[in-house]
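Undergrad: Have a look at this prediction, sequence included:
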Amino acid sequence: MTLSLCLLPGGKLASEELLIASASNFNHALEVLIPAFEKRTLHSVKSSLGSSGKLYAQIRHGAPFDIFLSADSLRPAKLEELDNAVTGSRFTYALGRLALFSPSNREIANEAEYLLSRPEIRLAMANPKLAPYGLAAEEVIAALSLTEHFKGRIVAGESVAQAFQFAWSGNADAGFVAYSQVLAWQRDEPNNNAHVWLVPASMHSPIEQQAVLLKHGETNPAAREWMRFITSKEARDIITRFGYDVPSYSVTIPISDKR
(Lines give C-alpha, C1' and ligand atoms only; values in the text may rest on other atoms or scores of the structure.)
Protein backbone atom coordinates (compact mmCIF):
# COMPACT_ATOMS: atom_id res chain seq x y z
CA MET A 1 0.00 0.00 0.00
CA THR A 2 1.30 3.44 -0.88
CA LEU A 3 0.18 6.30 1.32
CA SER A 4 -0.58 9.55 -0.45
CA LEU A 5 -1.52 12.96 0.81
CA CYS A 6 -4.49 14.92 -0.48
CA LEU A 7 -3.86 17.27 -3.36
CA LEU A 8 -5.21 20.77 -3.64
CA PRO A 9 -6.12 22.24 -7.05
CA GLY A 10 -2.89 22.88 -8.90
CA GLY A 11 -1.17 19.79 -7.49
CA LYS A 12 -0.14 21.22 -4.12
CA LEU A 13 -0.16 18.94 -1.09
CA ALA A 14 -2.85 19.66 1.48
CA SER A 15 -1.92 19.97 5.11
CA GLU A 16 -4.07 18.60 7.90
CA GLU A 17 -4.23 19.21 11.64
CA LEU A 18 -3.53 16.28 13.92
CA LEU A 19 -4.68 16.06 17.53
CA ILE A 20 -2.80 13.58 19.72
CA ALA A 21 -3.81 12.47 23.21
CA SER A 22 -0.59 11.47 24.95
CA ALA A 23 0.36 10.10 28.35
CA SER A 24 2.19 12.87 30.22
CA ASN A 25 5.42 10.90 30.63
CA PHE A 26 5.99 11.15 26.86
CA ASN A 27 5.87 14.95 26.80
CA HIS A 28 9.60 15.60 26.43
CA ALA A 29 9.97 13.14 23.57
CA LEU A 30 6.94 14.70 21.86
CA GLU A 31 8.58 18.12 22.05
CA VAL A 32 11.20 16.77 19.64
CA LEU A 33 9.08 14.31 17.67
CA ILE A 34 6.38 16.84 16.71
CA PRO A 35 8.72 19.40 15.06
CA ALA A 36 10.51 16.55 13.26
CA PHE A 37 7.18 15.29 11.93
CA GLU A 38 5.98 18.75 10.93
CA LYS A 39 9.26 19.38 9.13
CA ARG A 40 8.94 16.28 6.97
CA THR A 41 5.22 16.83 6.26
CA LEU A 42 2.93 19.82 5.79
CA HIS A 43 0.78 18.76 8.71
CA SER A 44 0.44 20.52 12.06
CA VAL A 45 0.19 18.73 15.39
CA LYS A 46 -1.41 19.60 18.70
CA SER A 47 -1.06 17.39 21.77
CA SER A 48 -3.13 17.03 24.91
CA LEU A 49 -1.34 15.52 27.91
CA GLY A 50 -2.64 13.69 30.94
CA SER A 51 -2.83 10.36 32.70
CA SER A 52 -3.70 7.44 30.45
CA GLY A 53 -6.83 6.79 32.48
CA LYS A 54 -8.11 10.34 32.20
CA LEU A 55 -7.41 10.52 28.45
CA TYR A 56 -9.13 7.17 27.96
CA ALA A 57 -12.22 8.53 29.70
CA GLN A 58 -12.19 11.64 27.50
CA ILE A 59 -11.98 9.50 24.36
CA ARG A 60 -14.84 7.34 25.54
CA HIS A 61 -16.89 10.51 26.05
CA GLY A 62 -16.27 11.71 22.51
CA ALA A 63 -13.15 13.90 22.70
CA PRO A 64 -12.05 14.49 19.07
CA PHE A 65 -8.54 13.03 19.28
CA ASP A 66 -7.02 11.35 16.23
CA ILE A 67 -4.35 9.26 17.96
CA PHE A 68 -3.91 7.95 21.49
CA LEU A 69 -0.36 7.46 22.82
CA SER A 70 -1.05 5.59 26.01
CA ALA A 71 1.40 4.58 28.74
CA ASP A 72 -0.08 1.08 28.77
CA SER A 73 -1.53 -1.55 26.45
CA LEU A 74 -4.77 -2.18 28.34
CA ARG A 75 -6.58 1.04 27.44
CA PRO A 76 -5.74 1.05 23.70
CA ALA A 77 -6.88 -2.57 23.53
CA LYS A 78 -10.12 -1.66 25.30
CA LEU A 79 -10.73 1.20 22.85
CA GLU A 80 -10.36 -1.27 19.97
CA GLU A 81 -12.80 -3.63 21.68
CA LEU A 82 -15.34 -0.83 22.20
CA ASP A 83 -14.99 0.37 18.58
CA ASN A 84 -13.44 3.71 19.52
CA ALA A 85 -10.22 2.78 17.72
CA VAL A 86 -9.32 1.24 14.37
CA THR A 87 -8.87 -2.51 14.71
CA GLY A 88 -5.33 -3.63 13.92
CA SER A 89 -3.75 -0.19 14.30
CA ARG A 90 -2.43 -0.74 17.82
CA PHE A 91 1.28 -1.26 18.46
CA THR A 92 3.97 -0.64 21.07
CA TYR A 93 5.87 2.58 20.41
CA ALA A 94 7.96 2.67 23.61
CA LEU A 95 8.84 0.61 26.66
CA GLY A 96 8.85 2.83 29.72
CA ARG A 97 11.40 2.78 32.55
CA LEU A 98 10.59 3.64 36.16
CA ALA A 99 12.98 5.60 38.37
CA LEU A 100 13.15 6.66 42.00
CA PHE A 101 14.01 10.36 42.04
CA SER A 102 15.05 12.70 44.84
CA PRO A 103 16.48 16.10 43.84
CA SER A 104 18.58 16.58 46.98
CA ASN A 105 20.04 13.18 47.90
CA ARG A 106 23.02 12.09 45.82
CA GLU A 107 24.62 8.95 47.24
CA ILE A 108 22.32 6.26 48.54
CA ALA A 109 23.73 2.76 48.43
CA ASN A 110 20.54 0.85 49.15
CA GLU A 111 17.14 2.02 47.93
CA ALA A 112 15.08 0.07 50.46
CA GLU A 113 17.30 1.40 53.25
CA TYR A 114 16.80 4.95 51.97
CA LEU A 115 13.04 4.57 51.84
CA LEU A 116 13.09 3.27 55.43
CA SER A 117 15.60 5.87 56.62
CA ARG A 118 13.11 8.33 58.08
CA PRO A 119 9.73 7.46 59.52
CA GLU A 120 8.21 10.67 58.15
CA ILE A 121 9.44 10.30 54.55
CA ARG A 122 6.81 11.18 51.95
CA LEU A 123 6.84 9.35 48.65
CA ALA A 124 5.26 10.67 45.46
CA MET A 125 3.81 8.41 42.80
CA ALA A 126 1.09 8.54 40.18
CA ASN A 127 -2.36 7.17 40.92
CA PRO A 128 -2.13 3.42 40.12
CA LYS A 129 -5.74 3.43 38.91
CA LEU A 130 -5.04 6.11 36.31
CA ALA A 131 -1.38 5.81 35.38
CA PRO A 132 0.69 2.70 34.52
CA TYR A 133 3.77 4.27 36.11
CA GLY A 134 1.83 4.49 39.35
CA LEU A 135 0.89 0.82 39.11
CA ALA A 136 4.54 -0.07 38.49
CA ALA A 137 5.57 2.01 41.52
CA GLU A 138 3.01 0.21 43.66
CA GLU A 139 4.47 -3.12 42.54
CA VAL A 140 8.03 -2.00 43.39
CA ILE A 141 6.98 -0.86 46.86
CA ALA A 142 5.40 -4.28 47.40
CA ALA A 143 8.52 -6.04 46.07
CA LEU A 144 10.59 -4.10 48.64
CA SER A 145 8.11 -5.15 51.39
CA LEU A 146 7.33 -1.50 52.11
CA THR A 147 3.57 -1.39 51.45
CA GLU A 148 2.65 -1.12 55.14
CA HIS A 149 5.52 1.28 55.82
CA PHE A 150 4.12 3.85 53.38
CA LYS A 151 0.45 3.61 54.27
CA GLY A 152 -0.82 7.16 54.71
CA ARG A 153 2.43 8.73 53.45
CA ILE A 154 2.00 8.44 49.69
CA VAL A 155 1.64 11.76 47.87
CA ALA A 156 -0.48 10.68 44.91
CA GLY A 157 -0.56 12.60 41.65
CA GLU A 158 -3.13 12.23 38.93
CA SER A 159 -0.33 11.57 36.45
CA VAL A 160 3.37 10.74 36.58
CA ALA A 161 4.08 14.34 35.54
CA GLN A 162 2.37 15.53 38.71
CA ALA A 163 4.28 12.94 40.76
CA PHE A 164 7.54 14.35 39.39
CA GLN A 165 6.41 17.87 40.27
CA PHE A 166 5.70 16.79 43.85
CA ALA A 167 9.22 15.32 44.21
CA TRP A 168 10.97 18.20 42.46
CA SER A 169 9.18 20.91 44.47
CA GLY A 170 9.76 19.28 47.86
CA ASN A 171 6.12 18.39 48.47
CA ALA A 172 7.47 14.85 48.67
CA ASP A 173 10.94 13.64 49.71
CA ALA A 174 11.27 11.38 46.69
CA GLY A 175 9.11 10.03 43.91
CA PHE A 176 8.67 7.12 41.58
CA VAL A 177 8.63 8.78 38.17
CA ALA A 178 9.34 8.10 34.51
CA TYR A 179 13.06 7.87 33.77
CA SER A 180 12.47 10.08 30.73
CA GLN A 181 11.37 12.91 33.05
CA VAL A 182 14.57 12.60 35.06
CA LEU A 183 16.76 12.71 31.95
CA ALA A 184 15.00 15.84 30.71
CA TRP A 185 15.39 17.52 34.11
CA GLN A 186 19.08 16.62 34.29
CA ARG A 187 19.66 18.19 30.87
CA ASP A 188 18.19 21.44 32.21
CA GLU A 189 19.97 21.15 35.59
CA PRO A 190 23.38 19.61 34.77
CA ASN A 191 24.92 20.51 38.15
CA ASN A 192 22.18 18.92 40.23
CA ASN A 193 22.70 16.82 43.36
CA ALA A 194 19.85 14.45 42.63
CA HIS A 195 19.68 10.79 43.46
CA VAL A 196 18.25 8.60 40.74
CA TRP A 197 17.67 4.87 40.93
CA LEU A 198 16.73 3.27 37.63
CA VAL A 199 14.42 0.54 38.86
CA PRO A 200 15.20 -2.92 37.43
CA ALA A 201 12.45 -3.81 34.97
CA SER A 202 12.12 -7.21 36.66
CA MET A 203 10.62 -5.54 39.76
CA HIS A 204 7.38 -4.50 38.06
CA SER A 205 5.08 -5.35 35.17
CA PRO A 206 6.31 -4.14 31.77
CA ILE A 207 5.34 -0.55 30.97
CA GLU A 208 4.33 -1.28 27.42
CA GLN A 209 3.29 2.05 25.92
CA GLN A 210 0.98 1.55 22.97
CA ALA A 211 -0.32 3.81 20.22
CA VAL A 212 -3.66 3.37 18.53
CA LEU A 213 -5.43 5.18 15.70
CA LEU A 214 -8.78 6.43 16.92
CA LYS A 215 -11.95 6.31 14.84
CA HIS A 216 -12.04 10.11 14.75
CA GLY A 217 -8.68 10.10 12.96
CA GLU A 218 -9.31 7.19 10.60
CA THR A 219 -9.83 9.44 7.57
CA ASN A 220 -7.18 11.99 8.54
CA PRO A 221 -4.07 11.60 6.32
CA ALA A 222 -1.95 13.26 9.01
CA ALA A 223 -2.91 10.55 11.50
CA ARG A 224 -1.80 7.77 9.17
CA GLU A 225 1.41 9.65 8.44
CA TRP A 226 2.13 10.00 12.16
CA MET A 227 1.55 6.31 12.82
CA ARG A 228 4.11 5.50 10.16
CA PHE A 229 6.52 8.20 11.31
CA ILE A 230 6.67 7.03 14.92
CA THR A 231 7.93 3.62 13.75
CA SER A 232 10.69 5.18 11.61
CA LYS A 233 14.37 5.03 12.58
CA GLU A 234 14.38 8.80 13.13
CA ALA A 235 11.53 8.59 15.62
CA ARG A 236 12.83 5.47 17.34
CA ASP A 237 16.23 7.14 17.83
CA ILE A 238 14.52 10.14 19.44
CA ILE A 239 12.42 7.90 21.70
CA THR A 240 15.50 5.99 22.83
CA ARG A 241 17.36 9.22 23.53
CA PHE A 242 14.64 10.17 26.00
CA GLY A 243 15.13 7.12 28.19
CA TYR A 244 12.79 4.57 26.66
CA ASP A 245 13.46 1.19 25.15
CA VAL A 246 11.85 0.45 21.80
CA PRO A 247 10.62 -2.87 20.39
CA SER A 248 13.25 -4.71 18.39
CA TYR A 249 10.73 -5.96 15.85
CA SER A 250 9.53 -4.09 12.79
CA VAL A 251 5.98 -2.76 12.83
CA THR A 252 3.43 -3.15 10.07
CA ILE A 253 0.33 -1.03 10.53
CA PRO A 254 -2.76 -2.23 8.66
CA ILE A 255 -4.37 1.17 8.13
CA SER A 256 -6.64 1.76 5.20
CA ASP A 257 -6.38 4.80 2.96
CA LYS A 258 -10.06 5.65 3.06
CA ARG A 259 -10.97 9.30 3.46
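TA: Yep, it's here.

Undergrad: what's near enough to touch Ser145?
TA: Contact partners of Ser145, counting by Cβ atoms under 8 Å, 6 or more residues apart in numbering, are Ala112. To be clear about C-beta, it is placed using only N, CA and C from the backbone, and glycine gets the same treatment.

Undergrad: Next, it: secondary structure please.
TA: Using DSSP: H, G, I helix; E, B strand; the rest coil, the secondary structure recorded for Ser145 is coil.

Undergrad: Please report the distance of it from Ala235.
TA: Using Cβ to Cβ, to the nearest Å, Ser145 is found at 40 Å from Ala235.

Undergrad: Please identify which helix or strand holds Pro35.
TA: Assessed by DSSP states H and E, Pro35 sits inside helix 27-40.

Undergrad: The next helix or strand after that helix packs against which elements?
TA: Downstream of helix 27-40, the first helix or strand assigned by DSSP H and E is strand 44-50. Using 3 or more Cβ pairs under 8 Å, 6 or more residues apart in numbering; DSSP states H and E as the contact test, the elements touching strand 44-50 are strand 17-23, helix 27-40, helix 221-229.

Undergrad: Buried ones in stretch 125-134, by neighbour count?
TA: By 16 or more other Cβ atoms under 10 Å, the buried positions in stretch 125-134 come out as 125-128, 130-134.

Undergrad: In helices, which of these fall?
TA: If you go by DSSP state H, the buried residues of stretch 125-134 have 132-134 in helices.

Undergrad: would you list those in JSON lines and tack on distance to His204 and pLDDT?
TA: Output for these, formatted as JSON lines (distance: Cβ to Cβ, whole Å; pLDDT from 0 to 100):
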{"residue": "Pro132", "distance to His204": "10", "pLDDT": "92"}
{"residue": "Tyr133", "distance to His204": "9", "pLDDT": "95"}
{"residue": "Gly134", "distance to His204": "11", "pLDDT": "95"}
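
Undergrad: I'd like to know which elements the lowest-mean-pLDDT helix or strand in the chain is packed against.
TA: Using mean pLDDT, DSSP states H and E, the weakest-scoring helix or strand in the chain turns out to be helix 111-115, at a mean of 75. The contact analysis (3+ Cβ pairs under 8 Å, 6+ apart) places helix 111-115 against no helix or strand.

Undergrad: List of residues touching that helix?
TA: For helix 111-115, contacts defined as Cβ under 8 Å, 6+ apart pick out 100, 105, 108, 121, 123, 144-146, 149-150, 174, 195, 197.

Undergrad: repeat that with 7 Å
TA: Identification of contacts with helix 111-115 by Cβ atoms under 7 Å, 6 or more residues apart in numbering yields 100, 108, 121, 144, 146, 197.

Undergrad: buried set for that helix?
TA: Neighbour-count burial for helix 111-115, counted by 16+ other Cβ under 10 Å, picks out 111, 114-115.

Undergrad: Stretch 45-62 now?
TA: By neighbour count on 16+ other Cβ under 10 Å, the buried set for stretch 45-62 is 45, 47, 49-56, 58-59.
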